[in-house]
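> take a look and give me a structure for this.
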Amino acid sequence: MTPFVNGQTRKISLIVAFIALVVWELLVPTGNVTDFQVSFSSLIPPLFAISMALITREVILSLFCGVWIGATMLMGYNPVEGLLKTIDTHIVNSVTDTDQAAILLFTLGFGGVIGVVSANGGMGGVVKSASQYANTRKRSQMATMLMGVVIFFDDYANTLFVGNMMRPFTDKLKVSREKLAYLVDSTAAPVASLAVISTWSVFQMSLLETPYKEYGIVENPYITFLNSIPYSFYCILTIAFMGFLIWSGRDYSNMLKAERRALNDGKVLADGAQPLTDTELSQDGGLKSGTSHWTNAMVPVLLLVVIIVIGLYKTGTDALAPGDDHSIRNIIGSSDPYRALMWGSFIAGFVAIFLSYGRNLLTLRESLEFWVKGAKSMLMAFMILVLAWTLGDICREVKTADYIISLTEGFLTPALLPPVTFLTAAVVSFCTGTSWGTMPILVPIAVPLAFNLLGGDPNSLVGEPIYLATFASVLSGCVFGDHCSPLSDTTILSSIASGSDHVDHVKTQLPYALTTGVISLVFGYSLVSYLPVGVAILLGVAAAFVAVRLWGRDP
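Numbering: from 1, shown residues only. Presented below is the predicted three-dimensional model:
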């Protein structure tokens, strides 16, 4: 990358910055701000990190600076104290959080699996077998989409499974890594959130438990969730829009440039790209015997999926008391998906190692070395995830979400509630980089607000279209914001699994996410108060089709 300034200027800038820090340390009193006031300054940490990442393409540095700025604000605007607090408190808290640590271990473990099955010929075998059926660019993209729909139970498992399985195959057919990352990202959270049973669906319905008890609502939150599925316009239209892109073979904006580069120049990555995965892992066959068979990869990976499902069931049943309702909904609702993911990735790793050894594809030492190499390939992603979570924690402390929500107060009507909630959820999710962190903030606000604006008995309002659209708009808005944000963990994982440059993934996906987001807002949430939901969906699908036909071009 061409430097913005020459070396001498950079040195002078660093010296000036250091002097400024020393002067600030002497003049500004140290003190922790325990009650941070809601104001525009709450937006500075996430907006700085996002802007810096898009301009410099240095995601790790951008995230760290965003965290540092936020910590500085919390420490009475003292940058030295903020830096120390960033290192010894905020980042440490992100790593030591039990759920987040499990996700990191799952990511490393899955990287190890990919390292082994790449070296033992399994990945090459998958490509060889799949190429007999999906032997065109269109078919490879459709296979990616369908695989994403099949792995519906969790977005993390979906992302890492589909991206890593399809990457060598789409590379062979000259599909850009950016397009693969888009397909993976757009079938992860949208599919998991629409599934009747998944970690996402259970989490959503669990957020209704407290407000339903407070208002004395007798309807099961699960029924409310099921009734709200048709109102998840962004998730539905994202899948439809993606299908139209694949069917037509068209793309536009930055994605069109990426696809033309891959198809015409054979470059699945842009010049100077920094993929979040080690692209040097072997994909061509076993190191020892030269065997290239799909079972070398699919046995461990399918076992991973099975172990995750069993893990969800086990942790869920263990958490329920003997007299509790042991329905599938309650079991998954009580499960620990992070433990299940971690179990699956490491057991699959053991199986991949011993399968390679038992079939004389790799020695035990070679198998372990490639497991470690695969895990090491996730190191950059590991760092980005930690910093993204840390920035999310900073945003909560400086009350970023509270400030955004405060902007919506005082002008709402029942008809405006769904679109305003959708936009608010999108902005909060975009700035904080987390859907699961945004939903618990907005659902307890949106549900009572809907009851108050609609008026009447809450038990009779839970089936009203405006209420269902409001609840669903929180989810859809969160997914929309996630798809646009370089800070989102699911967006980062999509870049990891697809071996894509993260900034390139965000830049190519952004026009598509904005297209479906605007369509969802205009034809979905703005009209749902006046039209049946089925009509709104049909209008949205038609608008998505027109957008692809109008703007799309062949690569």
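
> show the model's pLDDT score for the closest residue to residue 299 other than its chain neighbours.
Nearest in space to residue 299, with sequence neighbours left out and distances taken as C-beta to C-beta, 6 or more residues apart in numbering, is residue 355 at 6.2 Å. Quick note: C-beta positions are derived from backbone N, CA and C, even for glycine. Here, the pLDDT recorded for residue 355 equals 91.

> with the one 3 residues further on instead?
Reading off the confidence values, residue 358 has pLDDT 89.

> so the most centrally placed residue in the chain is in which element?
Nearest to the mean C-alpha position of the chain, by C-alpha atoms, centre = their mean, lies residue 490 at 1.5 Å. Taking DSSP states H and E as the definition, one finds residue 490 inside helix 489-498.

> helices or strands up against that helix?
helix 98-119, helix 155-172, helix 177-186, helix 379-397, helix 465-484, helix 502-519 (3 or more C-beta pairs under 8 Å, 6 or more residues apart in numbering; DSSP states H and E).

> residue 235: which of the ones you listed is closest?
For residue 235, the closest of the helices and strands packed on helix 489-498 is helix 465-484, at 5.7 Å, according to C-beta to C-beta.

> show me what the closest one is packed against.
helix 189-194, helix 221-228, helix 233-248, helix 417-432, helix 435-454, helix 489-498, helix 502-519.

> and it, C-alpha only, in CSV?
C-alpha atoms of helix 465-484 as CSV (Å, rounded to 0.1, in the frame of the first residue of the first chain):
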residue,chain,number,x,y,z
PRO,A,465,-49.3,-6.7,12.3
ILE,A,466,-47.7,-3.5,13.7
TYR,A,467,-46.6,-5.3,16.9
LEU,A,468,-45.3,-8.3,15.0
ALA,A,469,-43.5,-6.1,12.5
THR,A,470,-42.0,-4.1,15.3
PHE,A,471,-40.6,-7.1,17.0
ALA,A,472,-39.3,-8.6,13.7
SER,A,473,-37.8,-5.2,12.7
VAL,A,474,-35.4,-5.4,15.7
LEU,A,475,-34.0,-8.6,14.3
SER,A,476,-33.9,-7.5,10.7
GLY,A,477,-32.4,-4.2,11.5
CYS,A,478,-29.7,-5.9,13.5
VAL,A,479,-28.8,-8.2,10.7
PHE,A,480,-28.8,-5.3,8.2
GLY,A,481,-26.5,-3.3,10.4
ASP,A,482,-24.2,-6.3,10.8
HIS,A,483,-24.0,-6.8,7.1
CYS,A,484,-22.8,-3.2,6.6
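
> taking helix 489-498 as reference, get the angle to that helix.
50 degrees (axes from the mean of the first three to the mean of the last three C-alpha atoms, to 10 degrees).

> quick check: angle from helix 465-484 to helix 177-186?
Using the same axes, to 10 degrees: helix 465-484 against helix 177-186 is 150 degrees.

> what angle sits between helix 465-484 and helix 417-432?
20 degrees.

> now helix 465-484: buried residues?
465-484 (16 or more other C-beta atoms under 10 Å).

> wait, residue 181 sits on residue 496?
No. Between residue 181 and residue 496 there is no contact under C-beta atoms under 8 Å: 9.2 Å.

> which residues are common contacts for these two?
residue 163 (C-beta atoms under 8 Å, 6 or more residues apart in numbering).

> and residue 197, what pLDDT?
So, for residue 197, pLDDT stands at 68.

> let me redo that: residue 465
Reported pLDDT for residue 465: 92.

> doesn't the residue nearest to residue 299 belong to a helix?
Yes. According to DSSP: H, G, I helix; E, B strand; the rest coil, the state of residue 355 is that of a helix.

> residue 145 contacts residue 183, correct?
Yes. The criterion here is C-beta under 8 Å, and residue 145 meets it with residue 183 at 5.8 Å.

> more neighbours: the two, which one.
Shown here are residue 145 and residue 183; by other C-beta atoms under 10 Å, residue 183 has more neighbours (29 against 22).

> you'd agree the more buried one is up against residue 242?
Yes. Counting by C-beta under 8 Å, residue 183 touches residue 242, with 6.6 Å between them.

> common neighbours of those two, please.
Joint contacts of residue 183 and residue 242 (C-beta under 8 Å, 6+ apart) are residue 145.

> so the residue nearest to residue 299 touches residue 121, yeah?
No. The criterion here is C-beta under 8 Å, and residue 355 misses it with residue 121 at 11.1 Å.

> please enumerate the shared neighbours of those two.
With C-beta under 8 Å, 6+ apart as the test, residue 355 and residue 121 both reach 296, 361.

> which one's more surrounded, the two?
Neighbours were counted for residue 355 and for residue 121 using other C-beta under 10 Å; residue 121 has more, 30 against 22.

> who's in contact with residue 142?
Residue 142 neighbours (C-beta under 8 Å, 6+ apart): 134, 246.

> done for today, thanks.
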